[in-house]
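In: generate a structure from the sequence data that follows.
(one chain, ligands or ions: 1)
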Amino acid sequence: MKLTAENVRYRYRDDQTPALDGVDLEVESGEYFCISGPNGSGKTTLLRLAAGLLPMEGFTGELKWNGRGIEKWNRLELARHIAFVPGNLAPRFAFTVEDFILQGRFAHSSLYVRPSSSDRGIARAAMEKTGIAPIAMRAITELSAGQLQLVLIARALTQEPKVLILDEATAHLDLGFQAGIFDLLETLHAEGATLLLVSHDLNLAAEFCPQLAWIDKGRIVRHGSMTETLTTETVASIYGARNRLAVDKNPFSGKPKLFWR
Ligand code: ADP
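Out: Okay, the predicted model is just below:
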């Protein structure tokens, strides 16, 4: 699934300034992009708009999946191709992990009555892949932040998406869960998934994501390979030189790495 954004603008109802103010971006099928930039710069808005989760009033420009405008996809059809993993979901109902994950099958059932054995098999495979099968019967309200994030990814995988969009999937997680999630994303990428993820943890993203897009004040200001795009100059121009940040190389991996001077 290829994403094309041309001059994308989005204004929330009643907001004076647009959240997206002329976004241009191309993501080829199978690419793996990290999107980063200051708080309030429009990252979540861009992800949610691309996943078809925002109302279309307020949207102008062209946003296409495989050449077809986002406004022409219906919600269920989009959910069969694209799954969105929120970064900060606070579960309100005590579903079991397994039942919650089965909700990801909604996109594939026209009349959702009871999950079929094939639905259950797909959910089971997603739980195995994300390593959460042992907690299948736990209530989602009783999980650690790391476990919950894996459950959200597993639910997304049951949609059998071609594109996975993740909003700060590793924020607040310990090092073990961070590594586990990025390893999992690497596997999904190797299997052909298109991945778009928002992260502020550039040192972590730099180790895994081949590409980076910087968003600032509602526009993509730079994008390209991680090595060419995560540079001292870009960081200084986006966050201000007073942050005294410098980018050098990770001596172990050779990937770009941020340092405080
Ligand atoms: P980021 O993810 O980069 O922090 P967001 O996309 O969340 O940025 O927000 C971009 C802008 O849109 C901000 O000014 C924010 O206040 C505004 N915004 C985000 N969500 C809403 C909303 N539901 N209603 C009104 N304004 C919003």
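In: the residue in the stretch 51-200 of the chain positioned nearest to the ligand: how many residues sit nearby?
Out: Nearest to the ligand, among the residues of the stretch 51-200 of the chain, is residue 198, at 6.6 Å (Cβ to the nearest ligand atom). (Glycine included, C-beta is placed from N, CA and C.) Neighbour count of residue 198, defined by other Cβ atoms under 10 Å: 23.
In: for stretch 206-225, the distance to its chain's centre please.
Out: Offset of stretch 206-225 from its chain centre (Cα atoms, centre = their mean, to the nearest Å): 13 Å.
In: swap in stretch 154-165?
Out: Chain-centre distance of stretch 154-165: 11 Å, with Cα atoms, centre = their mean.
In: so what does the residue nearest the centre of the chain have for phi and psi?
Out: The chain has residue 166 as the residue nearest its centroid, 1.8 Å off, counting by Cα atoms, centre = their mean. Residue 166 adopts backbone torsions of phi -120, psi 130, taken as degrees, to the nearest 10.
In: over to residue 197?
Out: Backbone phi and psi, for residue 197 under degrees, to the nearest 10, turn out to be phi -140, psi 140.
In: next one, pLDDT for residue 111 please.
Out: On the pLDDT scale, residue 111 is placed at 58.
In: now tell me what touches stretch 70-89 from outside.
Out: For stretch 70-89, contacts defined as Cβ atoms under 8 Å, 6 or more residues apart in numbering pick out 1, 47-53, 56, 59, 63-65, 104, 106-108, 148-149, 152-153, 156-157, 159-169, 171, 198.
In: follow-up on the earlier one: residues contacting the residue nearest to the centre of the chain?
Out: 84, 85, 87, 153, 185, 195, 196, 197, 198 are the contacts of residue 166 under Cβ under 8 Å, 6+ apart.
In: by pLDDT, give me the weakest of these.
Out: The member of the contacts of residue 166 with the lowest pLDDT is residue 87, at 87.
In: may I have the secondary structure class of it?
Out: Classification of residue 87 using DSSP: H, G, I helix; E, B strand; the rest coil returns coil.
In: then the one 5 residues further on?
Out: When the structure is split into helix, strand and coil by three-state DSSP, residue 92 lands in coil.
In: ok, how many other residues are close to the spatially closest residue to it that is not a sequence neighbour?
Out: Closest residue to residue 92 apart from its sequence neighbours, by Cβ to Cβ, 6 or more residues apart in numbering: residue 141 at 7.9 Å. By the criterion of other Cβ under 10 Å, residue 141 has 12 neighbours.
In: before we move on, the earlier item: mind listing which of the contacts of stretch 70-89 are in strands?
Out: Per DSSP state E, strands hold the following members of these: 59, 63, 64, 65, 163, 164, 165, 166, 167, 198.
In: for those residues, pick the one with the most neighbours.
Out: residue 165 (26 neighbours).
In: check contacts around it.
Out: Counting by Cβ under 8 Å, 6+ apart, residue 165 touches 47, 50, 51, 82, 83, 84, 85, 195, 196, 197.
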